[in-house]
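Novice: Quick one: sequence plus predicted model below, questions after.
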Amino acid sequence: MPDELDVLERHPKTSEPGELMRPHNMTCFGCGPESPHGLHLEMYAGEGFSVDAKMPVQQWMEGGPGVIHGGILSSAFDDVMGMTPRLIGPAAVTAHLQVDFLQPIPVGKTLHLHAEILGKQRRKIYVEGVAHLGDPDRPVARANGLFVQIDVRAHFADHVENSAKAAEYLGGKPQL
């Protein structure tokens, strides 16, 4: 992380601490309630520049026998950490994500995820994530990520027509 960081300010229109945050989009794999095969994470704004979520580790998430698949855990971190930029302003996308798997995470348990912005420099946002099974002092995984703020319309312009919600995003225009 760079030495010189921007001063962080909570965006005036963001969720208040303890409030449910709206999904990235309704069909987002991580937080979209309309994603047919998604994680359906409900994320809550935390104090300062943090976001929290809980995720039941279900049987369909199994990787090794009786434990979560590492890709599912990585997806959950990506989504929770990717929600933190909304606390300070414009949307951001993942540029880099690193996950450290500290302990096996059993199917049938509830995973608690916490993400916090460590700093920002221009468009780059540095975020840390931690996961535990109910005891914050005993993490089962950690993650670090770099997110880059974007102009949403420009960033997704060439791909929005592929979305399940293309008509909504394109203002009711029919798909080509």
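Specialist: Yep, that arrived. Numbers count the residues shown, from 1 in each chain.

Novice: show me the contacts for the closest residue to Pro56 other than its chain neighbours.
Specialist: Of all residues not flanking Pro56 in the chain, Thr110 sits nearest, at 5.3 Å (Cβ to Cβ, 6 or more residues apart in numbering). Just so you know, the C-beta spots here come from the backbone N, C-alpha and C atoms, and that holds for glycine as well. By Cβ atoms under 8 Å, 6 or more residues apart in numbering, Thr110 lies in contact with Lys54, Met55, Pro56, Val57, Leu133, Gly134.

Novice: For those residues, give me CSV that also has secondary structure.
Specialist: Compiled in CSV, these are given as follows (DSSP: H, G, I helix; E, B strand; the rest coil):
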residue, secondary structure
Lys54, strand
Met55, strand
Pro56, strand
Val57, coil
Leu133, coil
Gly134, coil
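
Novice: In PyMOL, how would I select the buried members of the residues you listed?
Specialist: Here is the PyMOL selection string for the buried members of the contacts of Thr110, based on 16 or more other Cβ atoms under 10 Å:
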select buried, resi 55+57+133
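
Novice: quick one: Gln103 and Val140 touch, right?
Specialist: Yes - shown here, Gln103 and Val140 form a contact pair, counting by Cβ atoms under 8 Å, at 4.4 Å.

Novice: Can you pick out the residue with more neighbours from these two?
Specialist: Taking other Cβ atoms under 10 Å, Gln103 and Val140 do not tie; Val140 has more neighbours (20 against 13).

Novice: How about exporting the helix or strand hosting the more buried one as PDB, limited to the C-alpha atoms?
Specialist: Val140 is part of strand 139-149 when elements are defined by DSSP states H and E. Only the C-alpha atoms of strand 139-149 are listed here, as PDB (Å, rounded to 0.1, in the frame of the first residue of the first chain):
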ATOM      1  CA  PRO A 139     -10.100 -16.200  11.700                       C
ATOM      2  CA  VAL A 140     -10.400 -19.000   9.200                       C
ATOM      3  CA  ALA A 141      -9.500 -16.900   6.200                       C
ATOM      4  CA  ARG A 142      -8.100 -13.500   5.300                       C
ATOM      5  CA  ALA A 143      -8.000 -11.500   2.100                       C
ATOM      6  CA  ASN A 144      -6.500  -8.400   0.600                       C
ATOM      7  CA  GLY A 145      -7.700  -6.600  -2.500                       C
ATOM      8  CA  LEU A 146      -7.200  -3.700  -4.700                       C
ATOM      9  CA  PHE A 147     -10.400  -2.100  -6.200                       C
ATOM     10  CA  VAL A 148     -10.400   0.600  -8.800                       C
ATOM     11  CA  GLN A 149     -13.100   3.200  -9.100                       C
END
